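Colleague: I would like the atomic coordinates for the input below:
(chains A, B, C and D)
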There are 2 protein chains.
Amino acid sequence: MPTIYEVARLAGVSPATVSRVFNGITVNPDNVIRVRQAAEELQFIPNRTARRLRRQTSEVICLIIPDIENPFFTALARGVEDCAHEGGFSAVFCDSDDQPDKEQTYLKIAYAEQMAGVVLVPTSDQPDLNRLLKQGTPVVAADRSAGNPLVDTVVLDNFKIALMATESLYFRGFRRVGCITGPRETETAQLRAAGWRQAFAQYHPKADPDRFLRHADYRVAGGREAMESLLESSNPPDAVVVANNSMTVGALEAMQDHAISPNELGLACLGDLPYSMLQRSGVQTYPLPARALGHAAAELLLQRIAGDTGPPRRLVVRD
Amino acid sequence: MPTIYEVARLAGVSPATVSRVFNGITVNPDNVIRVRQAAEELQFIPNRTARRLRRQTSEVICLIIPDIENPFFTALARGVEDCAHEGGFSAVFCDSDDQPDKEQTYLKIAYAEQMAGVVLVPTSDQPDLNRLLKQGTPVVAADRSAGNPLVDTVVLDNFKIALMATESLYFRGFRRVGCITGPRETETAQLRAAGWRQAFAQYHPKADPDRFLRHADYRVAGGREAMESLLESSNPPDAVVVANNSMTVGALEAMQDHAISPNELGLACLGDLPYSMLQRSGVQTYPLPARALGHAAAELLLQRIAGDTGPPRRLVVRD
DNA sequence: CTGAAAGCGCTAACAT
DNA sequence: ATGTTAGCGCTTTCAG
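Modeller: Numbering: from 1, shown residues only, chains lettered A, B, ... in the order given. This next block holds a predicted model:
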């Protein structure tokens, strides 16, 4: 591993000059050339560890997501990566696997590795960000808030998305639109349910919405059970808004078991179905702009890294 | 950011002792306790950058995949992450986005960041691994080889998987099984086609297999076009082996356009279809053990990191 | 078992 | 514009 010193010797300059060349600081053009040649010859790449130790920061940002196998989060990751790239940063991804302690581990690593910043899709309600923030490493919460008033948050307009999906089902002529949303304690699930509630209340001011609402776990099996439960209720809905892609698949399975087609029972799905197959199944999908979400979160993060110290912001990504 | 020195002062010992405590080196139990307390009090976390600079290596391994939105690679990532975790390492993921220059960038970063090792799913034929290898950073190629006889390689048995998928279609009674495989220059695509060829030749010793084979790009649209092309040929197959999940979706779309059901035209898909929906569509799927592949690759990598200097190995993951 | 001290490779004052 | 030098925080000889 050649160092700056060897390059300096070969180029006949001081190490500082080599450093300057690699940091774009004004240097005599002649020397620039000689340094570049020497570096080329030695296959020199600046050691980032040393640089980082000296500078106390890196050019790497870290994205922590709860599930690397979920297309929503990988699309988000793409957005982060794209933005980081545009800004001259690299992005690395970590999978907290929906486990708060793994999340904590990766937060520690981000701290100990002196990452330039962190985009976090929180899996725990109160991730411990103190160390990171105290050290001055900016953190942006994406998709859901981190339960910390100090960190920036970038989210979707979950309420409105659900509201519109519900209304569109009514416009299509359905009469009683139910809802399958995510876990009770999850912010996005609450907001999506709230959006549905608003539309529902408008059409059925006297009805009890809870009879047409189910909480599930954002997974296929949960969606299936929830749909079963709705179908078996005394006064089943004739259409359902499902709060994410996986549960929609489960819902479709349940319908298939009951030999009900999406034409009879209307279905609106929040989030992309990864394969266009399903789009053809008659299910109305409302793609969530996951990539834009990631991009916006990273953009805000880069601003913070660049020194923006304004008050914490809450951004809503519209598309 | 408290340092080892502050902990040392608070604990009334030398920095070296603090270091030893954090590295599991024998230290007087009393001192261990005092150090731990002091560290706790100061919220001390050892600075990995400094450690890394000193030790010239880290406890982080890096996985570079060509597409973070492809479920095959994310499953592979999970395998890597699991294995790293078991071995006390952390894993970070990078997305080369199928672009050789991005791949190169991330390889440079892995070098400059002194990652402990790299699992690479190569996107270019000849990624430049010299620096990494010269420095002694082990690299394991996963899924396809890196065109470098010096690096370990962990792959699936693509030939056999395709062979078996083809045969199973014949067993089910189909008479002419065609094949849609990946890009001509891609190793996995070649091997899968070869597996199909072998079975095909057995049933049709005199036929020209190329009339029943299509190369596409491993994507939905490509699969669709390939299926169109097969359907419109003069003597279309009555069943098709499709070399990956995305192309299978495309193939199904084409069939839907022609109002052909998977019962009339048999379909075998290499790789999981992410949503069980499709499993119900009558398509026979041959799940690829992507997670096991990632796990095996990481396992081999950790062995190398631990000092195993045996000759380069080529592992075939069976399940 | 413990401490002192050197040094990993780089950057950023400070001088020149 | 360039060189000298002092660290960044840690680990690891080397003495004791």
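Colleague: need the residues of chain A near DNA strand D, please.
Modeller: Residues of chain A lying close to DNA strand D by C-beta under 7 Å from any atom of the strand are A:12-17, A:20, A:26-28, A:30-31, A:50, A:53-54, A:56. Glycine gets a C-beta too; all of them are placed from N, C-alpha and C.
Colleague: out of those residues, which touch chain B?
Modeller: By C-beta under 8 Å from any C-beta of the partner chain, the members of the residues of chain A next to DNA strand D lying near chain B are A:Ala50, A:Leu53.
Colleague: ok, of the residues of chain A next to DNA strand D, which come out buried?
Modeller: Neighbour-count burial within these applies to A:Val13, A:Thr17, A:Arg20, A:Val27, A:Asn31, A:Ala50, A:Leu53; the criterion is 16 or more other C-beta atoms under 10 Å in any protein chain shown.
Colleague: Among those, which pair sits farthest apart?
Modeller: Across these, the two members that end up farthest from each other (C-beta to C-beta) are A:Asn31 and A:Leu53, 25.8 Å apart.
Colleague: Now do the helices in the stretch 1-150 of chain A.
Modeller: A:4-11, A:15-22, A:29-42, A:48-55, A:71-86, A:100-112, A:130-135 (DSSP state H, counting those that start in this stretch).
Colleague: Could you look over these and pick the most buried one?
Modeller: helix A:71-86 (a mean of 23; mean count of other C-beta atoms under 10 Å in any protein chain shown).
Colleague: Mind giving me the packing neighbours of it?
Modeller: Here helix A:71-86 touches strand A:60-65, strand A:90-95, helix A:290-305, strand B:90-95, going by 3 or more C-beta pairs under 8 Å, 6 or more residues apart in numbering or on different chains; DSSP states H and E.
Colleague: got a markdown table for these, with mean pLDDT too?
Modeller: Listed next are those as a markdown table, based on pLDDT from 0 to 100:
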| stretch | mean pLDDT |
| --- | --- |
| strand A:60-65 | 95 |
| strand A:90-95 | 93 |
| helix A:290-305 | 96 |
| strand B:90-95 | 93 |
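Colleague: ok, the residue in the stretch 101-250 of chain A positioned nearest to DNA strand C - how many residues close by?
Modeller: Nearest residue of the stretch 101-250 of chain A to DNA strand C, counting by C-beta to the nearest atom of the strand: A:Gln114, 12.1 Å away. By the criterion of other C-beta atoms under 10 Å in any protein chain shown, A:Gln114 has 21 neighbours.
Colleague: Okay, A:Ser96 and DNA strand C: tell me how far apart.
Modeller: Plainly put, A:Ser96 is 31 Å away from DNA strand C if you go by C-beta to the nearest atom of the strand, to the nearest Å.
Colleague: residues in contact with A:Leu293?
Modeller: The contact partners of A:Leu293, by C-beta atoms under 8 Å, 6 or more residues apart in numbering or on different chains, come to A:Leu76, A:Gly79, A:Ala142, A:Asp143, A:Val154, A:Val155, A:Leu156, A:Val317.
Colleague: and those residues, which two are the farthest apart?
Modeller: A:Gly79 and A:Val155 (13.7 Å).
Colleague: Which PyMOL command selects the buried ones in the contacts of A:Leu293?
Modeller: Buried members of those can be picked out in PyMOL with the line below, counting by 16+ other C-beta under 10 Å:
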select buried, chain A and resi 76+79+142+143+154+155+156+317
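Colleague: From the contacts of A:Leu293, which land in strands?
Modeller: Using DSSP state E, the members of the contacts of A:Leu293 that fall in strands are A:Ala142, A:Val154, A:Val155, A:Leu156, A:Val317.
Colleague: of all those, which comes closest to A:Ser234?
Modeller: Of all the ones in strands among the contacts of A:Leu293, A:Ser234 sits closest to A:Leu156, with 34.1 Å by C-beta to C-beta.
Colleague: quick one: the closest one and A:Ala142, what's the gap?
Modeller: The gap separating A:Leu156 from A:Ala142 is 10 Å, by C-beta to C-beta, to the nearest Å.
Colleague: I'm done for today, thanks for sticking with me.
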